[in-house]
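**Student:** A predicted structure for the sequence below; I have some questions about it.
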Amino acid sequence: MQEKELTTKQRLRSIKKFNARKYRELKRLRRRRSVPVSEYTTQMADPNNLLEIDDLHTYFYTDIGTVKAIDGVTFQIPRGKTVGVVGESGCGKSVTSLSIMRILQEPQGQIASGAIRYNQLAQNRAIDLVKTPLKEMQKIRGGEISMIFQEPMTTLNPVFTIGKQLDEAIALHSKKMPKKEVAARSVEMLKLVGIANSEGVYKMYPHELSGGMRQRVVIAMALACNPNLIIADEPTTALDVTVQAQILDLLRSLKEKINASIMLITHDLGVVAEMADLVVVMYAGRIVEQGTVQDIFHRPMHPYTIGLMKSRPNFVESGDRLYSIPGNVPSPIDLPNYCFFRNRCSQCIAACDGAYPPLMAVSDTHKVACYLCENAQGKDGE
Amino acid sequence: MRQYIIRRILISLIVLLGVSIMLYTLIRLMPSDYVDMSTSSSINMTDEMRENIRALYGLDKGIVEGYIDWLGGIFRGDLGMSLMFRRPVVEVIGQYAPVTFTVAFIALVFQVLIAIPLGILAAKKQYSMTDYTIVTLVFIGISLPIFFFAAILKRIFGFYGLNLLPISGMLTARVNYDGFTFAKFLDYAKHLILPITCFVITGCGGLLRYTRTNMLEVLNADYIRTARAKGVPERTVIYSHAFRNTLIPIITIVGSTLPSLFSGAAITEGLFALEGLGNIALRASYMADVPYLMGFNMFIAVLTVAGFLISDILYAAADPRVRLS
């Protein structure tokens, strides 16, 4: 008994030591004053892509061990397209978006390895956001890549007026614009997102607005600088259904207006079907299936995706019980080297005991990480 | 807003009335008597003479009767005569309050100037060496008994140590100044350095820890993430977006320290032989100087009530979500 306790203690101590080392490394990295441009410029694999995430690993160094929130995620966001990222809570959807924006809770959360190549169209170059210094990053955040958060009630600063917060976002990225023009642009943005009394709302504080109105303000803020990429992290989760539809319509029409790409994070498959061109399904920090909307919705291959599809309410006949995937997401610490979904999967085969399955191409657009699909090549076309 | 303030003032008057009843009862229940204390050394004093003096000072009356008399005096704007000083209470308070107030006010300014920036720094660099150092020092400051810390300071800087600073009193003895000159001011300042240091070191810990905890909480808030996602530089995130939110509870704390600016720390004033309100009040309670104690305590009570009102108003000014009505 005594011995076992001691080993736990030792284990915790070694974790602490390891984390401290990681924090120090990050601190040293952040302290660098000038990073040469050549260090973070790179080449896009495909110039039609706006963003390429390449084997991204984002870890959280916590007191009980390293949480591999994202463990080797690779996908692309083409120009002008909407990519839906789906998966249940805690599968790494939000962490992916925070990694792109580089607003992880440091020093606990760090990008351990991988690249996020961003096609900086305005300057005709590609940069790796993982290596980009913070100063450069601040110009990109909000200006070229902007983010809509999921909690409209808490994402606005309670002590500043809506106008001040919008003005700040605009003024930061167009420094030479006179104040009056900035304010006019803010009011215009509020009008654009469908706020009727935009002049009045401009002077209001966040607490004077309803959740739906606040979410519109957040969207207005995200779109104010005509970004190339909009990351929408569950933009409609906190809203009621009628407002949801309005907000989605709004996002779609605005996207067309400014020709932006959208990365839409959600666990609502209906939203994905309606909005996305491409879909990425994530599970426990990895991509289990990716493809076009048609691929995923008409020919889901991974047992997890199939389960997700089945658990949609509109799938059941009246009177039936809603389907749910049995079991829980595995603990994210010390994940084993076999398919993370194995314990919950009803279609396990002998190969599932082996190493974690790689993403296998089923067709040109469709990739699945499941041994069941190993021999399914070409099946997609049927 | 105006209506709110008027209503608060009216409520305060009722509160003060209740406070005065309790104070008077407590002070009169003290097992000491001014006449006994001041005449104990004269052998010729007879009990009859003592009764006469008591009747003269109004101490022969019961608590209820005495309180009504005292309250009547209040309505005439008269706080009575201090038994110990044989002068009107208002005059005594007026004479000693400036010293206490000066020391406490300077100490408060330093406390705020030290505690808030260091608290923010500690929060900004959580779990770093800087953070640990600040938190440890604060812990030492909070835990040190003030009399012990004062003694250490006196030993180090006083006559037996570095001999840099005077250890007690307000002015150097046997030095005459004509009027209020710069030299006199410097002499005052020199004498006040140690007491103020004492106040600052032992007092700024609470405020600093409060700032740090609050700042940590605010820095984890969603709207800070939003600010960063907008591309706001880190400095602006902390000193504008986060600080405004941290400020709200801090204002309340600083606002309610108003009474302590005057009540002073009786112990510290005693240790450094400062002729301040706290020190005098301590002596007055040994001597059971009822009118002075009543006047002094009511003064503090009024300031407490006013302090709360002021911090409520400041709260509404700092936080747009709060509306006073």
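**Tutor:** That came through, no problem.

**Student:** C-alpha from now on. contacts and neighbour counts both.
**Tutor:** Will do.

**Student:** for chain A, what are the nearby residues on the stretch 101-250 of chain B?
**Tutor:** Counting by CA under 8 Å from any CA of the partner chain, the residues of the stretch 101-250 of chain B close to chain A are B:221-226, B:228-233, B:241, B:244-245.

**Student:** what helix or strand does residue 85 sit in?
**Tutor:** Assuming you mean chain A. Applying DSSP states H and E as the criterion places A:V85 in strand A:82-86.

**Student:** ok now that strand, how far from the chain's centre?
**Tutor:** Centroid separation between strand A:82-86 and its chain, computed with CA atoms, centre = their mean, to the nearest Å, is 8 Å.

**Student:** So what touches that strand?
**Tutor:** With CA atoms under 8 Å, 6 or more residues apart in numbering or on different chains as the contact definition, strand A:82-86 has outside contacts at A:77, A:93, A:261-269, A:272, A:275-282.

**Student:** check contacts around the closest residue to A:A351 other than its chain neighbours.
**Tutor:** Distance criterion CA to CA, 6 or more residues apart in numbering or on different chains; nearest residue to A:A351, sequence neighbours excluded, is A:Y371 at 6.5 Å. Shown in contact with A:Y371 (CA under 8 Å, 6+ apart): A:349, A:351-352, A:357.

**Student:** go again using 7 Å as the cut-off
**Tutor:** A:351-352, A:357 (CA atoms under 7 Å, 6 or more residues apart in numbering or on different chains).

**Student:** Mind pulling up the pLDDT for it?
**Tutor:** You'll see A:Y371 listed with a pLDDT of 85.

**Student:** now do the one 4 residues further on
**Tutor:** According to the predicted model, the pLDDT of A:N375 comes to 67.

**Student:** Do you know the pLDDT at B:P195?
**Tutor:** On the pLDDT scale, B:P195 gets 89.

**Student:** if we can go back for a sec, pLDDT on the strand holding A:V85, on average?
**Tutor:** For strand A:82-86, the per-residue pLDDT averages 92.

**Student:** Mind checking what helix or strand follows it in sequence?
**Tutor:** The first helix or strand that comes after strand A:82-86 along the chain, using DSSP H and E, is helix A:93-101.

**Student:** any idea which helix or strand carries residue 136?
**Tutor:** By default, I'm working from chain A. With DSSP H and E as the criterion, A:E136 is inside helix A:134-140.

**Student:** Chain B was what I was after
**Tutor:** helix B:129-143.

**Student:** Which positions within that helix qualify as buried?
**Tutor:** By neighbour count with 16 or more other CA atoms under 10 Å in any protein chain shown, helix B:129-143 contains the buried residues B:130-131, B:134-135, B:138, B:141-142.

**Student:** Show me what it is packed up against.
**Tutor:** Counting contacts by 3 or more CA pairs under 7 Å, 6 or more residues apart in numbering or on different chains; DSSP states H and E, helix B:129-143 packs against helix B:89-124, helix B:182-219.

**Student:** quick check: angle from the shortest one to helix B:182-219?
**Tutor:** With axes from the mean of the first three to the mean of the last three CA atoms, to 10 degrees defining the directions, helix B:89-124 sits at 50 degrees from helix B:182-219.

**Student:** quick one: buried residues of helix B:89-124?
**Tutor:** Here helix B:89-124 shows B:89-90, B:92-93, B:96-97, B:99-108, B:110-112, B:114-116, B:118-124 as buried, counting by 16+ other CA under 10 Å.
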